[in-house]
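Asker: Next come a sequence and a model predicted from it.
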Amino acid sequence: MTAFSLRTFGFPEVHADGRPIKLALRKGLALLVYLGEAKGVVAREIMATLLWPETPRETGLARLRRLLHRVELTLGQSVFETDRTSLRWSPDVELKLDSHLFEEACDRGAFEQACLIYRGDFLAGFAPEDCPEFDDWAFFRREALRGRLMHALERLVQDKNAAGEHFAATVHAHRLVELDPLSEVYGRHLIRSLLLAGDRSTAERQHAALTQRLRDELGVAPEAETEALMTPASAPHAVPMTRYVKGDGVHLAYQTYGSGPLDMLVMPGFVSHVERAWEHPASRTFLSSLMKLGRLIVFDRRGIGLSDRVGSAPGIDVTAADIGTVLRALDARRVVLFGASECGPACIKFAVDEPRRVAGLILFGALAKGCWSQDYPYALRASQYDAWSKQLVAQWGGPVGIETFAPSLANDPQARAWWAGLLRAASSPGGISAVLEAFRDADVRHLLPEISVPTLVLHRRGDQAVRIAAGRDIASRIKGAEFVELDGNDHWFFAGDQRPVLEAIDGLMKRIS
């Protein structure tokens, strides 16, 4: 039996026993790639609709039958297994897809091999004629694979520098900058790696180029951390490193900053990125202020940011377990948990399960249940939630949702660019869709009466993402909880006026300590 391979990175290609096969049928290529990606049975009607969306059902099915025949004639053998309602690549055919090989390499931590396999974006430059649904599918798949590439490259930069292989780190950092030239985090990766490699002149050129891009595209100057890298007395090693701990087979990325009598673990919401969180001035200012109150701990839950991408959404129980994994790795003392928005429920779960390890609980803009029910009118109905989630996913990679999450920053070009870049780096459209779906079904109301640690609930009156009534409901169910209503309409804790937020947190920390 002939061994077939599909190259999907770049314009698709078909090979048989290592020899290229010219398939002059764009919809034939689309058919082969889609079935290969599916790894199983696909309904004939779905395939026909993807390839001929405007065609009557029977006509589309007839065209599909003819296409299957023409493809097999070109390939020189029968490669499909079909019945009256479905089709797939025959299980008797040896088939390899470079996209699958790439993901398998990422899954086992073979990041160098993965980056070699990724020769270009998924199906770059390819689109069958008049197939908008296929194009949408290809877009989301492309973004998912691109996100995994960026994650792999960041891991390689960190690992190579840690091993003293600084020149190799610069190669991977260069590729990151090419993927997202407006990211100061990626720019700093490259500049820092060049400095560690002893190539100061190239580092200076890269710094100048980054400065020019930021000025031309965003109208902003480089951040203080970027400028500090070029100070002769600056030591690249002094920049806090992202570290990893393995729990339940998954590597979790975390960082720690500062010191103090208490630890504070911050979980910001449905997306995070431990390095990009420091890239926006307001976020950096807020987190720096928390450092004055104790040792700050930030981490990316599984599937998000720099932590390992996984095949399932990180639910509340799993995220709570990941909190414990990170705290054990740090030999953390009693910790204050800061759970914002969708991360509130996981912090609630951990505070109930591990009360001896939790000194206090802070919930900001959080809600206890993902969607509306008759006894919980504070959230979106499931249909509304799904429509919102679909819109968010459809616009992934741009500054989607910033008008709702942070109205005070919505017209700031630097904030918009930062948020768009964070989304791309933190997850893919498909990955975040699973995360949002899992949260929609979450419900921790039954845990709230069991919370026994000092609790502070903060919520802005005009929050457009989570109604303040949801915050009031949480506070009313927790014995002794302090509820603070804040002015403003920003959902992000660092947007808007930070002073009353920090004052309330400082008050709780003083009572605990």
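Answerer: Looks like it came in fine. Keep in mind the model is a prediction, meaning the values are calculated, not measured.

Asker: tell me the SS of E81?
Answerer: Under the three-state scheme (DSSP: H, G, I helix; E, B strand; the rest coil), E81 adopts strand.

Asker: Might one say that it is in contact with E72?
Answerer: No - taking contacts as Cβ atoms under 8 Å, E81 lies outside contact range of E72: 11.6 Å. Every C-beta, even on glycine, is put in place using the N, C-alpha and C of the backbone.

Asker: helices or strands up against the lengthiest helix in the chain?
Answerer: If you go by DSSP state H, the chain has its longest helix at helix 132-162. With contacts taken as 3 or more Cβ pairs under 8 Å, 6 or more residues apart in numbering; DSSP states H and E, helix 132-162 sits against helix 26-38, helix 44-51, helix 98-107, helix 111-117, helix 166-179, helix 184-196, helix 413-426, helix 429-440.

Asker: could the ones you listed go into a markdown table alongside mean neighbour count?
Answerer: Formatted as a markdown table, the helices and strands packed on helix 132-162 follow (neighbours: other Cβ atoms under 10 Å):
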| stretch | mean neighbour count |
| --- | --- |
| helix 26-38 | 20 |
| helix 44-51 | 20 |
| helix 98-107 | 19 |
| helix 111-117 | 18 |
| helix 166-179 | 20 |
| helix 184-196 | 25 |
| helix 413-426 | 22 |
| helix 429-440 | 20 |
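
Asker: Which of those helices sits closest to A387?
Answerer: helix 429-440 (11.5 Å; Cβ to Cβ).

Asker: avg pLDDT for that closest one?
Answerer: For helix 429-440, mean pLDDT rounds to 83.

Asker: and whichever helix or strand comes after it, which strands flank it?
Answerer: Of the helices and strands lying after helix 429-440 in sequence (DSSP states H and E), the nearest is strand 455-460. Strand pairing for strand 455-460, using DSSP bridges, gives strand 358-364 (parallel), strand 482-486 (parallel).

Asker: Let's have those strands in CSV, adding mean pLDDT, mean neighbour count and distance to P377.
Answerer: As requested, the strands paired with strand 455-460 are arranged in CSV below (pLDDT from 0 to 100; neighbours: other Cβ atoms under 10 Å; distance: least, Cβ to Cβ, whole Å):
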stretch, mean pLDDT, mean neighbour count, distance to P377
strand 358-364, 97, 26, 19
strand 482-486, 97, 18, 18
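
Asker: Now tabulate the ones you listed in JSON lines and tack on distance to E225.
Answerer: JSON lines is the format used below for the strands paired with strand 455-460 (distance: least, Cβ to Cβ, whole Å):
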{"stretch": "strand 358-364", "distance to E225": "25"}
{"stretch": "strand 482-486", "distance to E225": "29"}
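
Asker: Can you get me a residue count around P20?
Answerer: When neighbours are counted by other Cβ atoms under 10 Å, P20 registers 11.

Asker: Please identify the nearest residue in space to T59, excluding sequence neighbours.
Answerer: In space, and not counting its chain neighbours, T59 is closest to W52: 7.3 Å by Cβ to Cβ, 6 or more residues apart in numbering.

Asker: so what's that neighbour up against?
Answerer: Taking Cβ atoms under 8 Å, 6 or more residues apart in numbering, we find W52 in contact with T59, G60, R63, L64, D130.

Asker: Find the residue closest to L252 in space, skipping its chain neighbours.
Answerer: That would be S307: by Cβ to Cβ, 6+ apart, it lies 4.8 Å from L252.

Asker: which ones are touching the one you found?
Answerer: V250, H251, L252, A253, F299, D300, R301.

Asker: Helix, strand or coil: sort out it for me.
Answerer: Going by three-state DSSP: S307 is coil.

Asker: quick one, phi psi at it?
Answerer: Dihedral pair for S307: phi -80, psi 160, per degrees, to the nearest 10.

Asker: mind checking pLDDT for it?
Answerer: At S307, the model reports a pLDDT of 90.

Asker: Kindly report the same for V466.
Answerer: pLDDT, read off for V466, is 94.

Asker: when you give positions from now on, start the count at 53
Answerer: All set: I'll call the first residue 53, so the last point we hit is now V518.

Asker: what's the burial count for it?
Answerer: Neighbour count for V518, taken as other Cβ under 10 Å: 22.

Asker: What helix or strand is Y306 located in?
Answerer: Counting by DSSP H and E, Y306 is found in strand 302-309.

Asker: beta partners of S138?
Answerer: Taking DSSP bridges as the rule, S138 bridges to A95.

Asker: quick one: contacts for it?
Answerer: S138 neighbours (Cβ under 8 Å, 6+ apart): V93, V94, A95, R96.

Asker: low pLDDT regions in this structure?
Answerer: For the chain, the stretches flagged by pLDDT under 70 are 53, 284-292, 363-364.

Asker: sorry, back to before: distance of the residue nearest to L304 from D188?
Answerer: Note on S359: its distance to D188, by Cβ to Cβ, to the nearest Å, is 28 Å.

Asker: quick one on the thing from earlier: quick check: which of the strands paired with strand 507-512 is nearest to A329?
Answerer: Closest among the strands paired with strand 507-512, using Cβ to Cβ: strand 410-416, at 14.8 Å.

Asker: List the contacts of the closest one.
Answerer: Contacts for strand 410-416 (Cβ under 8 Å, 6+ apart): 314, 386-393, 396, 399-400, 402-403, 503, 505-511, 523, 526, 545, 553, 557, 560-561, 564.

Asker: Return the subset of the residues you listed lying in helices.
Answerer: G396, C399, I400, F402, A403, G523, I526, V553, I557, L560, M561, I564.

Asker: Once you drop chain neighbours, what's closest to the second one?
Answerer: Among residues not flanking C399 along the chain, G391 sits closest, at 3.2 Å (Cβ to Cβ, 6+ apart).

Asker: I'd assumed M316 was in contact with the one you found.
Answerer: No - in this structure, G391 is not within contact of M316 by Cβ under 8 Å, at 11.3 Å.

Asker: quick one on the thing from earlier: for the buried ones among the contacts of S359, write the corresponding ChimeraX selection.
Answerer: Here is the ChimeraX command that selects the buried residues among these (16 or more other Cβ atoms under 10 Å):
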select :302,304,305,351,352,353
